[in-house]
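*Asks:* How does the following fold in three dimensions:
(2 chains)
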Amino acid sequence: MKALLLTLFSFLLLPTTSPISAKTLPLEIILNSARELDAALITAQKKQSIEPKPLIDDATFLRRSFLNIIGRLPTHQEARSFLENQELDKRRHLIDSLITSPGFDSRLFNFWTDLLRLKTKLDHHGLAWHVWLRKAVEQNMPYDEMVYQMLSATGHISENPALGYYLRDRGMLLDNVSNTVQIFLGQQIGCAQCHDHPFDDTTQMEYYQLAAFLGGSEYRFKEGREKILQSIATSNKQQPGKHLAKLSPRERRALRKKESFKRAQKLKKAEIRNLGSIFRFHNRNALADSPQKKLKLPSDYAYEDGQAGQAILPNFLFGEETGEIPPAQRRDSFARWISSPSNPYFTKTISNRLWKYVFGYGLIPDTEDLSNSAETHYPELATLLEQAMQAVKYDLKEFLRILYHTQLFQREVTLAEPSPGFAFHFTGPVLRRLNAQEIRDSFITLASGNIDSQRNHSLEEAWEKYRNSFTQLMTADSEQLKEIKQTIDRTEAQRRNFQKQRSLLRKQLRIAQDAKKMIEVRRLNAQLRKLRKNRDKKSRQETNEKAEKDPLIARVRPALGRNAQIAAPTHPPTQLRSSELPAPQRGGSFISEFGGSDAEAPSSAHTQATVPQALRLLNGNETDLLTRRKNSFAQNLKTLQSPAERLDFLFLSLYSAFPTAAEKAAFLPEVSKPESAATLARAILTSNRFLFVQ
Amino acid sequence: MNPLHQLDETSRRDFLSTTAQSAFGVTLGGASASWFSSAEAAEAIAQSKGKAKNVIYLYMAGGMTHIDTFDPKPQAPSEIRGPIKSISTNVDGIQLGEHLQRTAKHADKMAIIRSMNSTQGAHAQGNYHIHTSYTQRASITHPSLGSWANKLDPQRLKGTLPPFVTVHSGNAHPGAGFFDPQVAPLPIGDAEKGLQNSQRRRNLSEAAFNRQIALRTQLDEGFNAKFRKGQRSIRAYDEMFHSALALMKSKDLEAFDLSQESPDTLAAYGSAKFSKGVLLARRLVEHGVRFVEVQFSGFDWHADAFTKANEMLPVLDQAYAALLSDLEQRGLLESTLIVIATEFGRTPQIDQDSGRNHFPKAFSFALAGAGIKGGSVYGETDDTASNVISEKTSAADFNATIAAAMGLPHDQVLYSPNKRPFKMGGKTGKPITEILA
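*Replies:* The predicted structure is shown next:
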């Protein structure tokens, strides 16, 4: 343990002015740290007379490295070049080159979207957060910084897209707090939302005290109102009260009594209300802290330490004394407390999550609930991990690099699955099924080759558009604001009209259905469809016309609507990694069917077997990628002349290995013709050996 | 306490449920065989009066408001009662929220339980608790009702259709828990599309397809010899693969095809995603699927609750009423139990965002059809629907009631692979005999 600290600390003593994440740590430091982790594990295993698994061969290492580091299979060229490479330290080189490749960001981004429950298409903040998070991963933003930025965010998403974290749970403050504690501190306090936690120590009072840090939350866009006030002030020179400040108190009172003044006041209020609708959807994308607002105990609070409706002062769940906190600093203190290296669970939680990200199982088994989980059998190793995380200053890429360079990463997987309640000894990593994105991305790689650096720009573009139009809106003068308002009113009137007609038709439909007048029912259904179709057509037409006539409206439109207008991906779906798509993928999609996150609960993705998965691998149109002529797999297969070449190609592409002598004997007859080779390839896609990574 | 979120890499359900097998050297098939050779259990099933051969379980995900649906309080102050009025039903003395006008005409088939009570106020935990009768633990995943039903009475496992189907369910569904994959649900992601990929690809000959199946076994020989014994996840894939092949040959595949329904029937259920799910459930039950669960998502109304009520409750109302009429017409109501369940209710007090928040202290469920005494209300809440004042009912009691309606022994103990005892009706569940016919 000391050796690791020495290695890392000696590095940290180097004068560094730029953030660590900007450069790569020297390999020697990484290797030394990895050795320390291995040594701690082996020492502890020895005490229990546990033998580690032997090291894996090159082919297994290759497949595991590609899948566990960049989330896809290697192409047949990548596989061949590694397997035929004679260099002694080719494994190290492979690890480092994969870590610095764009595929690394892709896999890590999927991890975050699942953990954080990112919903790209939620209002505008989902998109804002998506783009921000993606950039944070790409720039390798230190983890503590990333968490702090999300948890301290307020204002409007245009300045602070990390705000998407809070807006994900807009209006559900208490749920958000339990999610935050689970995600970043690995603790479950959800029960205490309604009553004292039955097993752990958390009481309902403590829960509310923690939530009280965010008790000032108001989902309001304050600048919108200010903007309107300003606009009214500049547009109306005769505005009453404008010179009030210059008047004496008596003059002021006199002026206020005048009827004309009152009328003008009334008009002003109406105008504010009227223009206010321009910013109605901005309230969904903003968060303000009101210093006056406090969290109160619920009306059914049943314990003696507080009374229903009583306002609660913020207090940390554990650790340092909270002390007096001015209301304006509540959120910031909360963010600092969660993301502080001195918070006992902050570092533990992330280092354990990443251990699982690499080896398939938590060092502390339950990554979502550290305190209710069986203690790790390797406490020294767990401590070392935390120290390593702190020593690399939460640079996740470097931390993962240490884990990938361990001997453990090169050992054979264990024969039995880990079992809760029984110690798991990490004699090797865990055998696991490829996750949903890994299967999809491997398929895509088969079809299109290495497309890791291909980006879907439509998300960033939609976000840029929103921001620009938001700026336009906020700099519009009062005349322009009025014009915008008129357009909104027209659209709104159309929408209302549509809704009115629709609800009328629906009512008639219900009556007809109940009376079993089926011809009438059909007629009404057809009318409903027509109504909808016409509306869509009309609104498209008008948008286009309007844009030509009036560039202002066209410019601000993206900032007026409720939802982000995201264009179709900039590449065909077979040329984009899963990380380039909006999250989460809907029910019935490939990713959803293979257990991809549904973004409802933190870490909801799973790798459970189902019948629809088996059917998809057997009969899904994805299997055509092996035979579709324009795909790289089919093209390559066609150019190969001999059965031996074909078999090599199939095995390298799908199993990342050359066929063994026995496999050659068994399968060479199967690939005598390109068509029968495709049958073998289809069989491989459904095989366990393909679906699992050793 | 909320340990059962799916793992991103190794499935939590997988490893929780089965890994201990390898430790004990128990194979699940063997274990289940011995459970059912128990004379006691067989007798219990044979003698039961359960009438419900099938169950359609409608799950309102997010926590459905009770006060605006099945437990209206017309006398409560307006900040509790809200804008939704109460309406009468075809049973004297039973009232419902006004959005349930069609349902109101079926009250004579329903038993409404207004005294549901739980301690699980968060979504994942609540969902888990209602589905399994147990609270979430780090050390095990409990099976959900549909898996219990097919485990306790494995008859339907013999068919080519899976005996348990979930429609539109999220990842939080506990599925088969520690039971073997045989009783795991077949998940349908989109009812309208039904079961996809059940046909051999057109460009593939039957001979090539059969060759492909044979090759798979051959390809996996070495891999399976090494890992199959210790890894349930691999056995599960083999199991699913063979179920998939059986399904491809099934004559009942049309059960998944909504396009075979007449336009009138489609119109009667409604056009929402949930409505299609409900119609699919009827088709599946008709074809012998024992347990179909359909999820309706979006009941978490923390803000603008009454706008959402306007959007969603008529959808539920239409589909549910259409289902009851349809089943009745087809003579299936006598053998099908229809359930409406949710994770918890919502706070009677309306908050400043005109929302209602999580409320596990009091909520309502509804049962209808086979085995149920129609036109009944069980249990009661106080004047503001805030406290249960009579016949407090737990998830375990409710699930024991479903078991009883199905003629299954709710208190039959089955052991998890690590030898812990569990029951369909949870530790303490007792069937509500008052509402059983």
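*Asks:* Which helix or which strand is home to the residue most central in space within chain A?
*Replies:* Nearest to the mean C-alpha position of chain A, by C-alpha atoms, centre = their mean, lies residue A:113 at 2.1 Å. If you go by DSSP states H and E, residue A:113 is part of helix A:102-116.
*Asks:* Could you see whether chain B lies near that helix?
*Replies:* Yes. Part of helix A:102-116 sits near chain B under the criterion C-beta under 8 Å from any C-beta of the partner chain, namely A:111, A:114, A:115. Any C-beta I mention is one placed from the backbone N, CA and C, and that applies to glycine too.
*Asks:* contacts for that helix?
*Replies:* Applying C-beta atoms under 8 Å, 6 or more residues apart in numbering or on different chains, the contact partners of helix A:102-116 are A:69-72, A:98, A:118, A:130, A:133-134, A:137-138, A:165, A:168, A:183, A:353, A:357, A:396-397, A:400, A:435, A:437-438, A:441, A:452-453, A:577-580, A:583-584, A:596-597, A:599, A:602-605, B:8.
*Asks:* now those: which count as buried?
*Replies:* Neighbour counting by 16 or more other C-beta atoms under 10 Å in any protein chain shown classes A:69-72, A:98, A:118, A:130, A:133-134, A:137, A:165, A:168, A:183, A:353, A:357, A:396-397, A:400, A:435, A:437-438, A:441, A:452, A:577-580, A:583-584, A:596-597, A:599, A:602-605, B:8 among those as buried.
*Asks:* Let's see which of the residues you listed end up in helices.
*Replies:* If you go by DSSP state H, the buried ones among the contacts of helix A:102-116 have A:98, A:130, A:133-134, A:137, A:165, A:183, A:353, A:357, A:396-397, A:400, A:437-438, A:441 in helices.
*Asks:* among the residues you listed, which two are most distant?
*Replies:* Greatest spatial distance among those (C-beta to C-beta): A:98 and A:165, at 29.0 Å.
*Asks:* Could you pull up the contacting residues of the residue of chain B positioned farthest from its centre?
*Replies:* Going by C-alpha atoms, centre = their mean, the residue of chain B most distant from its centre is residue B:207, 39.6 Å out. By C-beta under 8 Å, 6+ apart, no residues touch residue B:207.
*Asks:* OK, contacts around residue 168?
*Replies:* No chain specified, so I'll use chain A. If you count contacts by C-beta under 8 Å, 6+ apart, then residue A:168 has A:116, A:117, A:118, A:119, A:122, A:125, A:126, A:129, A:176 around it.
*Asks:* Switch to chain B, please.
*Replies:* Neighbours of residue B:168 in contact, by C-beta under 8 Å, 6+ apart: A:587, B:188, B:189, B:190, B:191, B:273, B:274, B:277, B:294, B:295, B:296, B:297.
*Asks:* Which residue, other than its chain neighbours, is closest to the closest residue to chain B within the stretch 201-350 of chain A?
*Replies:* Chain B sits closest to residue A:299 of the stretch 201-350 of chain A, with a gap of 5.7 Å, by C-beta to the nearest C-beta. Once flanking residues are discounted, residue A:299 sits nearest to residue A:308: 4.9 Å by C-beta to C-beta, 6 or more residues apart in numbering or on different chains.
*Asks:* residues contacting the nearest residue to residue A:659 once chain neighbours are set aside?
*Replies:* What sits nearest to residue A:659 in space, not counting adjacent residues and going by C-beta to C-beta, 6+ apart, is residue A:651, at 4.6 Å. Residues near residue A:651 by C-beta under 8 Å, 6+ apart: A:657, A:658, A:659, A:663.
*Asks:* So which of the residues you listed belong to helices?
*Replies:* Filtering the contacts of residue A:651 for helices - DSSP H - leaves residue A:663.
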